[in-house]
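Student: got a predicted model here, sequence first, then my questions.
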Amino acid sequence: MANNIHTLRRSLYRWKWELLWTSLSLASLATSIVLLAVQDGRRLDSWTAFFTLNTFISILAQVSRTTLAFGISSSLGQAKWNIFSTGSGTLALFDAFDQASRGPWGSVGLACRLRLRHLASIGAVAVITLLSYEPFLQATITQYGELYGEYSKLGSRASISRAQRIDVGVFSQLATTDNPILTDSGILLPTWSMQADYGLTTSIYNGFYTSTVQSVQASFACPTGNCTFGSFTSLGVCSACVDVSAHLISDHRSGRIPGTAVGPPGHNMNHTYTSYTLPGQSNLTISNYDGIRNTTDGVSDWVGSGSVIFQSDTLSTIQATVFPQNTISFSNTTNSTTFVVFQIIQSRPDFLNNVSDWSTTLPMATECGLYFCAKMYSSSVVEGELQENVTAAWSNRDPRSYKAQNVGREITADEWDQQYNFSLYIGSQDYVRSDLQVIIPEDEATRVGLSKDQPKRFNISQATIQTTMNWITTKFAPDQIYVPGKATYNVSSGVVNDGPGQVIGNSSDLNATFSAVANSMTVYMRNTGLGSIPQYGTTQTWVLYFRIRWAFLAPPLVLTVVGCLFLFYTIWETQSLGLVAWKESTLATLAHGLDILTRAKLRDAYQDGTEEKSAREITARVEKSWGGLELCEVRPS
């Protein structure tokens with residue numbers, strides 16, 4: 001027993017380097033796996049070593065592959081002695097084993113000769129496939145990117161505009177009101193000088209004209225080009241349009257349409273025409289001569305010099321009012337924040353396209369209102385482009401807000417508001433008022449998931465409201481607008497409105513038109529609060545992470561296991577056969593090589609150039625002789 005253990009130790013000692021290098025191969029592969037597992041999912045910038053992760057994996061892969069190849073090559077070198085000691089084979093096969101122990105090219109030759117008929121072919125295939133060892137380990141490392149965000153605290157650059165209060169416009173009491181005006185009710189009222197804010201009025205114009213070009217956007221700062229601002233609230237303007245065509249009243253008459261130009265001398269301008277009127281204080285009316293819109297003789301009674309000399313061409317009429325109580329759809333002003341309503345009558349497409357007669361074609365009547373509101377936004381910046389959605393809106397007016405101050409003894413503030421139907425504007429005489437407040441009810445805020453730190457009460461000053469409404473009613477749209485102009489005996493001389501009337505009158509989607517105006521005004525209002533109450537957001541940067549594709553680790557693992565098993569099998573087989581581990585030693589081949597006769601035969605073959613043929617024809621095996629083991633030719637008995 002002791003002798004066997006001693007023999008085993010001596011045998012293993014001859015394999016000490018192969019066992020050491022195989023252990024190093026296993027350790028290198030294990031280190032690679034641990035390193036890959038640690039870095040999987042981690043940020044690239046967390047790797048602070050001088051060399052990259054790929055470099056470390058490449059080094060470990062080279063160490064593991066090279067040391068594993070050393071053990072397999074030694075096993076292939078020993079396999080030839082083991083095979084030839086248990087059976088015979090050609091000298092060409094013996095040489096193939098020797099070549100295989102030196103590298104992949106020799107292993108290709110051995111694998112072709114054995115054709116998987118011996119376990120040694122597994123070692124040969126392993127040496128060949130070791131060429132893919134490092135590439136597969138390298139292929140495990142890849143990258144992916146994600147947006148990583150950091151919340152921008154006070155003073156940070158990631159912000160977007162919003163407003164909680166707006167106070168613009170020049171609103172000053174006239175000096176002459178030291179003697180206030182006495183109303184019919186016996187109330188003394190101050191008189192105010194009003195000048196609307198240029199930026200706010202410009203935003204109204206911009207809204208009408210950009211509605212057909214592109215939408216305006218709120219100011220924002222996002223240094224990385226990718227930011228999120230979450231859900232937040234802001235003061236703004238909303239719009240609504242209501243179809244009131246059912247309220248139109250038609251009137252058929254004969255004569256000249258009131259307000260139209262007088263025809264050429266001697267010509268009869270009296271013809272039948274139809275008027276459509278929207279009832280109310282504005283009494284908005286559209287009138288055209290009966291018949292098809294474009295006819296060769298205008299109104300079918302005479303033709304002049306071969307051209308149209310009379311045409312019925314009032315396509316739309318528009319009236320803006322700052323007194324919503326005088327409208328049909330916005331008349332309830334008790335808790336209203338509406339500051340202007342546009343009443344619009346438009347000709348129908350059938351009439352415009354010469355399909356139907358004016359007298360039988362009911363026009364379209366619409367009321368579009370603009371009102372102060374609170375909006376809830378969901379905003380983000382993606383690759384430098386602002387993406388923003390309004391997720392909710394409220395126009396709840398706090399009934400305790402916008403109250404007249406210091407009204408005196410003659411009347412209470414509530415009585416004063418009731419007298420004027422709680423209108424936001426009554427003219428140039430009014431008391432000083434508190435801010436108008438728009439609120440978001442707590443239950444509504446909870447329902448939409450609004451965070452507690454977001455404003456729920458928004459203020460609009462008296463100066464903002466009354467200067468803007470005064471500008472609308474005195475400068476922007478003081479009278480009815482006719483688009484493109486009232487009927488005239490010469491088409492080219494019609495007066496065409498060159499303001500927003502053209503945009504409104506020709507609009508095929510009034511909801512979109514007024515939504516653009518509301519958005520433009522909202523953006524201006526929000527931008528006024530950018531410096532005082534911005535919404536801070538999360539600055540996002542594109543961060544790269546390691547992703548380990550573990551499937552690519554399978555080939556190196558399989559090769560390592562196969563190489564180790566092949567080495568251990570060769571050691572066991574050598575020990576079982578009682579052979580010394582000569583492996584790929586050249587000295588062993590010289591010492592225990594061919595017998596004298598076989599060597600002489602090979603020398604003759606080399607001189608004749610037939611050494612390869614002779615190697616394929618000579619069969620040999622390892623046999624015991626008086627001097628030890630010797631590779632001898634097997635001769636026929």
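Tutor: That came in fine, so what should we check first?
Student: okay, the residue positioned nearest the centre of the chain: pLDDT?
Tutor: With distances taken as C-alpha atoms, centre = their mean, the chain has V382 as the residue nearest its mean C-alpha position (5.3 Å). pLDDT recorded at V382 is 88.
Student: and L629, by the same measure?
Tutor: On the pLDDT scale, L629 gets 79.
Student: quick one on the thing from earlier: the residue nearest to the centre of the chain pairs with what?
Tutor: E385 (DSSP bridges).
Student: wait, it sits on N226?
Tutor: Yes. Between V382 and N226 a contact is recorded at 6.1 Å, counting by C-beta atoms under 8 Å. C-beta here means a position set from N, CA and C on the backbone, and glycine is covered the same way.
Student: which residue packs closest to V63, ignoring adjacent ones?
Tutor: Using C-beta to C-beta, 6 or more residues apart in numbering and skipping residues adjacent in sequence, the residue nearest V63 is S28, 4.4 Å away.
Student: in which helix or strand does the one you found reside?
Tutor: Using DSSP states H and E, the element containing S28 is helix 16-39.
Student: which secondary structure elements does that helix contact?
Tutor: Using 3 or more C-beta pairs under 8 Å, 6 or more residues apart in numbering; DSSP states H and E, the elements in contact with helix 16-39 are helix 53-86, strand 538-548, helix 554-577.
Student: packing partners for the first one?
Tutor: Counting contacts by 3+ C-beta pairs under 8 Å, 6+ apart, helix 53-86 packs against helix 16-39, helix 91-100, helix 120-129, helix 133-139, strand 141-151, helix 554-577, strand 619-625.
Student: looking at these, which is closest to S532?
Tutor: strand 141-151 (20.0 Å; C-beta to C-beta).
Student: F70 versus the residue nearest to V63, what's the distance?
Tutor: S28 sits 13 Å away from F70, going by C-beta to C-beta, to the nearest Å.
Student: next: W358.
Tutor: 102 Å.
Student: neighbour count for the two, which is higher?
Tutor: With neighbours defined as other C-beta atoms under 10 Å, W358 and F70 compare such that W358 has more, 23 against 19.
Student: phi, psi of that one?
Tutor: When read as degrees, to the nearest 10, the backbone of W358 gives phi -60, psi -40.
Student: wouldn't it be in contact with F351 here?
Tutor: Yes. Using C-beta under 8 Å, W358 makes contact with F351 at a distance of 5.8 Å.
Student: what do the two both touch?
Tutor: Listed contacts common to W358 and F351 are R293; contacts here mean C-beta atoms under 8 Å, 6 or more residues apart in numbering.
Student: before we move on, the earlier item: the residue nearest to V63: how many residues sit nearby?
Tutor: The local packing of S28 (other C-beta under 10 Å) involves 21 other residues.
Student: ok, now Q454?
Tutor: Other residues within reach of Q454, judged by other C-beta under 10 Å, total 16.
Student: looking at this, it is in a strand?
Tutor: No. Under DSSP: H, G, I helix; E, B strand; the rest coil, Q454 sits outside any strand and is assigned coil.
Student: could you check how far it is from W542?
Tutor: 29 Å.
Student: list the contacts for E146?
Tutor: W542, V543, Y545.
Student: tell me which of these is nearest to S85?
Tutor: Distance ranking of the contacts of E146 against S85, using C-beta to C-beta, places Y545 first at 56.4 Å.
Student: if the closest one is in a bridge, with which residues?
Tutor: Beta-bridge pairing for Y545 (DSSP bridges): R43, Y144.
Student: can you pull the contacts of I33?
Tutor: L553.
Student: so how far is V216 from it?
Tutor: In this view, I33 and V216 are 57 Å apart by C-beta to C-beta.
Student: would you map the helices across the stretch 351-500 of the chain?
Tutor: Secondary structure of the stretch 351-500 of the chain (DSSP state H, counting those that start in this stretch): helices located at 413-419, 442-447, 462-471, 500-505.
Student: which of these sits closest to I160?
Tutor: Of these, nearest to I160 by C-beta to C-beta is helix 442-447, at 20.0 Å.
Student: tell me the buried residues in the closest one?
Tutor: Buried positions in helix 442-447, judged by neighbour count with 16 or more other C-beta atoms under 10 Å: E444, A445.
Student: for stretch 322-341, same thing?
Tutor: Residues 322-331, 333, 336-341 are the ones in stretch 322-341 that count as buried (16+ other C-beta under 10 Å).
Student: what's the answer for stretch 373-392, then?
Tutor: Under the neighbour-count criterion of 16+ other C-beta under 10 Å, stretch 373-392 has C373, A374, K375, M376, Y377, S379, S380, V381, L386, E388, V390, A392 buried.
Student: bridged to the fourth one, which residues?
Tutor: Per DSSP bridges, the residues bridged to M376 are T233, A392.
Student: rank the helices of the stretch 351-500 of the chain by pLDDT, which is bottom?
Tutor: Ranked by mean pLDDT, the helices of the stretch 351-500 of the chain bottom out at helix 413-419, with a mean of 74.
Student: just the buried residues of that helix, please?
Tutor: Within helix 413-419, the residues that qualify as buried are A413, W416, D417, counting by 16+ other C-beta under 10 Å.
Student: what about stretch 612-625, how long is it end to end?
Tutor: As for stretch 612-625, its first-to-last residue distance stands at 27 Å under the measure C-alpha to C-alpha, to the nearest Å.
Student: correction: stretch 36-55
Tutor: 12 Å.
Student: and it, average pLDDT?
Tutor: The average of the pLDDT scores along stretch 36-55 is 90.
Student: give me the distance from that stretch to the chain's centre.
Tutor: Here the centre of stretch 36-55 is set off from its chain's centre by 28 Å, with C-alpha atoms, centre = their mean, to the nearest Å.
Student: that one: which residues count as buried?
Tutor: Across stretch 36-55, burial judged by 16+ other C-beta under 10 Å covers L36, Q39, L53.
Student: number of nearby residues for the spatially closest residue to A49 that is not a sequence neighbour?
Tutor: Distance criterion C-beta to C-beta, 6+ apart; nearest residue to A49, sequence neighbours excluded, is F56 at 7.2 Å. Residues lying near F56 (other C-beta under 10 Å) number 17.
Student: is P223 in a helix, a strand, or coil?
Tutor: With three-state DSSP as the basis, P223 sits in coil.
Student: gap between it and L20?
Tutor: 56 Å.
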